[in-house]
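>>> Output the structure for:
(2 chains)
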Number of protein chains: 2
Amino acid sequence: MDTKRDPYTWEGATGWRQYRMLRPGRGMYYDVKRRLPYYWSDITDALTYRTIAATVRMYFVNLLPALAFLLDMNRHTDGFFGVNEALFSSALAAIVFSTLGAQPLTIVGITGLISLFNYTIYDIAVDQGIRDLYPEFLAWVAIWAAITHWIASFGNLCDYMRFITDFSSNAFGMYVGIIYMIKGVQELIAQFYESTAQAGFLSIVVALCYWFTVYALEMLPHTIVFRPVVRKVLSDYAYPIATIFWTGFVHIPGTIKRANVLTLPITKAFYPSVPRSWLISFWDLPVKWVFVALPIGILVTLLFYYDHNVSSINAQARQYPLKKPAGFHWDFALLGATCFISGIIGIPMPNGLVPQAPVHTDSLTEYKDKLVISHETEENDNHSMERRKKVFVAEMVVEQRISHFLMGLAIVGTMTGPLLIVLHTMPRCLFCGVFFVVGWGSIEGNGMTQKVLFLIKEHRFIDPSEPLLQVPRKKIMLFLLFQILGVGFSVAISQTIGAIGFPVIIISLIPLRWSLMPHLFTRRELEIMDALTADSDVALCSLGGKPVMPEAALERKRRGFTAEEEGDSAQMSDKEKDSFTPAEDSPEMKRMLDLERSGRGNGPYTAGKHD
Amino acid sequence: MDTKRDPYTWEGATGWRQYRMLRPGRGMYYDVKRRLPYYWSDITDALTYRTIAATVRMYFVNLLPALAFLLDMNRHTDGFFGVNEALFSSALAAIVFSTLGAQPLTIVGITGLISLFNYTIYDIAVDQGIRDLYPEFLAWVAIWAAITHWIASFGNLCDYMRFITDFSSNAFGMYVGIIYMIKGVQELIAQFYESTAQAGFLSIVVALCYWFTVYALEMLPHTIVFRPVVRKVLSDYAYPIATIFWTGFVHIPGTIKRANVLTLPITKAFYPSVPRSWLISFWDLPVKWVFVALPIGILVTLLFYYDHNVSSINAQARQYPLKKPAGFHWDFALLGATCFISGIIGIPMPNGLVPQAPVHTDSLTEYKDKLVISHETEENDNHSMERRKKVFVAEMVVEQRISHFLMGLAIVGTMTGPLLIVLHTMPRCLFCGVFFVVGWGSIEGNGMTQKVLFLIKEHRFIDPSEPLLQVPRKKIMLFLLFQILGVGFSVAISQTIGAIGFPVIIISLIPLRWSLMPHLFTRRELEIMDALTADSDVALCSLGGKPVMPEAALERKRRGFTAEEEGDSAQMSDKEKDSFTPAEDSPEMKRMLDLERSGRGNGPYTAGKHD
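Residues are numbered from 1 along each chain as shown, chains lettered A, B, ... in the order given. The predicted structure is shown next:
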């Protein structure tokens, strides 16, 4: 299927036809039409080892952070959300999206941000004296969120995701990373208050060791030690290995066992954590509060619109050689449905997981170690040395639904009594380690981190092929300044009762990028420092095609002819781009794109990272 | 001065003149004659910033491990050795060797091995029911050691140090590294028994963080972040920075302060730690025990012969562009004197510090970051990419006595009341961090570690210029096997009452290398895997010149002419070597030599390490 020539486009549409809201469901229709033919192959393609590895890896990568956030929510909502709610939500999302989703690679689950939302709403409820009505109020937030999700997806509004660039998505990744690190530290501090100082200090040791274990194992495939299969297996099972080892560690009899670190609190299997029926009596909420829930529901939609779609885009980034097309509108409508169900039964609303999103695709990717031989000649020396290096090449992705579905079943299994008891043995400090792994992953590989590192390096030792060398230092600093301000404000507001407003800050970076920045930077500078986040054809086909960048439009305008004369179509703009920036195909530009791509906030998970 | 044509040689000596013992003091005479002309310049050359940096760095690098070993000795000798004894010993060694030593770069102080000796002797004394006579018995051990030191130095026996190769010195470095790591863990475990579990777990956190802090700061000069001066200053003061920060950390009021980690125990300034006079009444020891002390004294001499001289050789390795010559015989006689004094006043006998030895020279070396530009062309691709890398070049060494002397004065200052109180604030877990830094430094850069890493790597990704690729895997394993057995036996015996016997094992590796190994390996294999530890002309001049390697002699013999025909002189052997192994001057061989040199067990301290 040629995703470059997808029939879903708004180009050339005139009159009322150009208004997306007037043609409801058009995106969803094409999403289904585009993806349905692959449904059978989504099952048959699953018969490989990678499916098993991906199932196990995703079970841990999805479940552990979910439980970690659960602990956070549990503490801040006086126990309303417990392990059962977290498992229920994760299982619901996995079963729904693996069977009905247009893009089954996108893992949906509990994020740190919904945890932040839920307990901030709890704080507001306590503040307003409606603590008893918290479940009902939250149900209405979810119902409004569901409704606005459906408006957005029927109104084809996911198309605007194509305007998101790394400028804002890197800032978002950094924000998420920092929040995760903070949560990890907070959870460690909680040990001191809820258990003893002894348990607290031991927890720090275990959390740091867990972090180091997973990090080191996941780094293995990028080294050349051991055989390829050993490297891959150890990194595939990094989480299970570290989890089993360190869970066992805290139960070693003697000083360690006596330290009595806190473990995961569990309640009766399949029952809500607090005494209530699963169905929330949302019809009992006074009308006044129903309407107060509306703006909060919209904020949830704003968050999910950004968070879910960006994670889906990351799961389909260009570095993964995907063949099967995306379906953003359909999946967002489905997300509305899971919001609705979650709301009325009182479980956390699941959505796309930003740091973990690419992990699923990554663990389904068949990588091959390629040997690249080159000859190096030092200046003022004619002797040529042979250099060998390993390049980590993504050969193909096992695109299917089965790993996602099996993972969902495994989570359902975890909800049963015996496995709940196993969960109960897990020390809470282990989840701090998970916070650190996932959070650091989001910080380390982030484009912001790379730009900061570039700035503090001595430039004379940097290869001249580094594209950032072409941008004046001050411009890089200015670019970073906007991002740092965005991240700083978001992190700051997250510590207050205004936390639910943070999506507004992140999303406001998008218009800033599109309106103000083309005037502050040249086109070339922006091309080097920034890139469209949705960069693969399989993703762009569902978003109405590649947009023309504002800096390109501006440059064209300055050169004396308007966008209309040239034609505004993506095809035309591609052609036009070629004539303006032939450098884009140069090796430098390719390296730059690689750099940018690998910097999409995925840290150790990033497939584009070489040894 | 041409150190290659030094008058101190035994070549061409015939009749009784060829026997070293028959010409006592010849080596010492030439040592003094060779070095004395530099004495004034050893003072005037000191007027640079590097002297200050080296003084501060060595104060910490010498003092902290000394205190760490002291803790170990203190616990195992029921408090006979305390902080005052440790400081006294370090100060004595520093003042004596900085003013009278032929090679003032060699830092002499308290090692882990003398700590092991002292408390093993204590165990033996307890075992034999002469616990009350321990000080007197130890004094006699020291007196015998002093006497045998003087026999060795007057008998010109230090010459045999030139036969030491990396085969045994790497094994020794690995052994020392492992013992240090074990000591660090033991000290952490002691926290649990001597204080609370809370203090124990906090200690683990602090020790790990301290290790990471020093390691990261010392790595900075090998990166390209920040400006060169910032990198250098941060790494120069890595120990003071980490020590001050983490000492402060354990005193933060609240949970941390309440954890009550153990700090360094101190007693009254300038007095022995136990109630006694400084002078040990060694004349009171029954004659029987005086003679029992003799073999133990010889074992001490054996240890110091190896340990002190290897550390001195490491401080004068070829990677440091030294100009001033060594004086092994003279310094060893001086070491006999410090043994004697230490013995009769009951302080630990100081000797050369293996892992720390090169640190002094290193911190006195003016390094320059050199930019190397090369052009890389990938195979099947004509496009050439410019590559830049930083090479860390040693330009010159500030060879002088002042930094060593000032460090000695600083230790004397530390012995005074007010500064002793400052020492008392230092948590003992910090010394575990020191053990880990120094021990890991000795393991990480060790030639054994590098060979193991080479074996587990996928060879297709290794640059063909790697000389180890020319050696069959099985031969590398066999080479390693001997080393591992040596290290393994030494570590094992160190845990028993037979610990004082370990120098015999390490030293027995030298005849093994010279007699057996030339028959098991080809000359080429040994040239790649092994090298003379004393490789610089400034060191070899005091050892009677470069020896002919047995594998070279063997090969020559096999080719049909004997060593006598060719002439056995070092000069001749150099010539002869050239004709047999032209490859030695090739870039591969140079890289190999660099590799071997950087692998002399110095870890982060190694100057030869590039970014």
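
>>> what does the stretch 351-500 of chain A put close to chain B?
When proximity is defined as CB under 8 Å from any CB of the partner chain, the stretch 351-500 of chain A approaches chain B at A:369, A:371-379, A:383, A:385-390, A:453, A:456-458, A:460-465. C-betas here are computed from N, CA, C, even on glycine.

>>> are any of the residues you listed buried, and which?
With burial judged by 16 or more other CB atoms under 10 Å in any protein chain shown, the buried subset of those is A:369, A:372, A:374, A:376-377, A:385, A:387-390, A:457-458, A:461, A:465.

>>> circling back to that earlier point, point out the ones among the residues of the stretch 351-500 of chain A next to chain B that are inside helices.
A:L453, A:I456 (DSSP state H).

>>> which ones among the residues of the stretch 351-500 of chain A next to chain B are found in strands?
Mapping those onto strands (DSSP state E) picks out A:369, A:371-378, A:385-390.

>>> Which strand or helix spans A:Q450?
Element membership for A:Q450 (DSSP states H and E) is helix A:447-456.

>>> Quick check: which helices or strands does that helix pack against?
helix A:166-194, helix A:473-494 (3 or more CB pairs under 8 Å, 6 or more residues apart in numbering or on different chains; DSSP states H and E).

>>> can we see that at 10 Å?
helix A:166-194, helix A:428-444, helix A:473-494, helix A:587-598 (3 or more CB pairs under 10 Å, 6 or more residues apart in numbering or on different chains; DSSP states H and E).

>>> so after the third one, what's the next helix or strand?
Proceeding C-terminally, helix A:473-494 gives way to helix A:502-511 as the next helix or strand, assigned by DSSP H and E.

>>> State the mean pLDDT of the next helix or strand after that next one.
The helix or strand immediately downstream of helix A:502-511 is helix A:517-520, counting by DSSP H and E. Averaging pLDDT along helix A:517-520 gives 94.

>>> Packing partners of helix A:517-520?
helix A:473-494, helix A:523-529, helix A:550-558.

>>> Pull out the buried residues from that helix.
For helix A:517-520, using 16+ other CB under 10 Å, the buried residues are A:M517, A:P518.

>>> Need the contact partners of it.
A:165, A:167, A:475, A:478-479, A:482, A:509, A:525-526, A:529-530, A:549-555 (CB atoms under 10 Å, 6 or more residues apart in numbering or on different chains).

>>> that older thread, any chance of the helices and strands packed on helix A:517-520 in JSON lines with mean neighbour count and mean pLDDT as columns?
Shown next, in JSON lines, are the helices and strands packed on helix A:517-520 (neighbours: other CB atoms under 10 Å in any protein chain shown; pLDDT from 0 to 100):
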{"stretch": "helix A:473-494", "mean neighbour count": "17", "mean pLDDT": "95"}
{"stretch": "helix A:523-529", "mean neighbour count": "22", "mean pLDDT": "94"}
{"stretch": "helix A:550-558", "mean neighbour count": "17", "mean pLDDT": "86"}
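
>>> Output the ones you listed in a markdown table; the columns should cover distance to B:M21.
Converted to a markdown table, the helices and strands packed on helix A:517-520 look like this (distance: least, CB to CB, whole Å):
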| stretch | distance to B:M21 |
| --- | --- |
| helix A:473-494 | 69 |
| helix A:523-529 | 74 |
| helix A:550-558 | 85 |
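
>>> hang on, A:Q483 packs against A:F489?
No. In this structure A:Q483 lies outside contact range of A:F489 using CB atoms under 10 Å: 11.0 Å.

>>> Quick check: neighbours shared by these two?
Counting by CB under 10 Å, 6+ apart, the residues touching both A:Q483 and A:F489 are A:Y175.

>>> which residues touch the residue nearest to A:F431 when sequence neighbours are not counted?
Closest residue in space to A:F431, ignoring its immediate chain neighbours: A:A68 at 3.7 Å, by CB to CB, 6 or more residues apart in numbering or on different chains. Residues near A:A68 by CB under 10 Å, 6+ apart: A:86, A:110, A:112, A:115, A:180, A:183-184, A:187, A:264, A:428, A:430-435, A:438.

>>> And for A:G343?
A:135-136, A:138-146, A:280, A:282, A:293, A:297, A:300, A:349.

>>> ok, now with 8 Å
Counting by CB atoms under 8 Å, 6 or more residues apart in numbering or on different chains, A:G343 touches A:L138, A:A139, A:W140, A:V141, A:A142, A:I143, A:A145, A:A146, A:I280, A:F282, A:M349.

>>> and these as CSV, adding secondary structure?
Putting those into CSV (DSSP: H, G, I helix; E, B strand; the rest coil) gives the following:
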residue, secondary structure
A:L138, helix
A:A139, helix
A:W140, helix
A:V141, helix
A:A142, helix
A:I143, helix
A:A145, helix
A:A146, helix
A:I280, coil
A:F282, helix
A:M349, coil
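
>>> Which one of those residues is nearest to chain B?
Lowest distance from chain B to the contacts of A:G343 (CB to the nearest CB) belongs to A:L138, with 35.0 Å.

>>> wouldn't that closest one be in contact with A:N118 here?
Yes. In terms of CB atoms under 8 Å, A:L138 counts as a neighbour of A:N118; the distance is 6.9 Å.

>>> the more surrounded of the two?
A:L138 (29 against 25; other CB atoms under 10 Å in any protein chain shown).

>>> residues contacting that one?
Neighbour list for A:L138: A:N118, A:I121, A:I280, A:G343, A:G346 [criterion: CB under 8 Å, 6+ apart].

>>> do you know how far the last one is from A:L334?
Taking CB to CB, to the nearest Å as the measure, A:G346 and A:L334 are separated by 20 Å.

>>> Give the residue from those two that has the larger number of neighbours.
Of the pair A:G346 and A:L334, A:G346 is the one with more neighbours under other CB under 10 Å, namely 26 against 21.

>>> Help me confirm that the more buried one comes into contact with A:S277.
No. Applying CB under 8 Å, one finds A:G346 not in contact with A:S277, separated by 9.3 Å.

>>> Could you find the residue in chain A that comes nearest to chain B?
A:F201 (3.3 Å).

>>> Tell me which helix or strand that residue sits in.
In this assignment (DSSP H and E), A:F201 forms part of helix A:197-219.

>>> Tell me the buried residues in that helix?
A:197-211, A:213-215, A:217-218.

>>> Stretch A:96-113 too?
By neighbour count with 16+ other CB under 10 Å, stretch A:96-113 contains the buried residues A:96-98, A:101-113.

>>> Now do the same for that stretch: mean pLDDT, whole number.
94.

>>> where along the stretch 51-200 of chain A do the helices fall?
Along the stretch 51-200 of chain A, counting by DSSP state H, counting those that start in this stretch, helices occupy A:83-100, A:112-127, A:134-154, A:166-194, A:197-219.

>>> where does stretch A:474-494 sit relative to the chain's centre, distance-wise?
20 Å (CA atoms, centre = their mean, to the nearest Å).

>>> same thing with stretch A:431-450?
12 Å.
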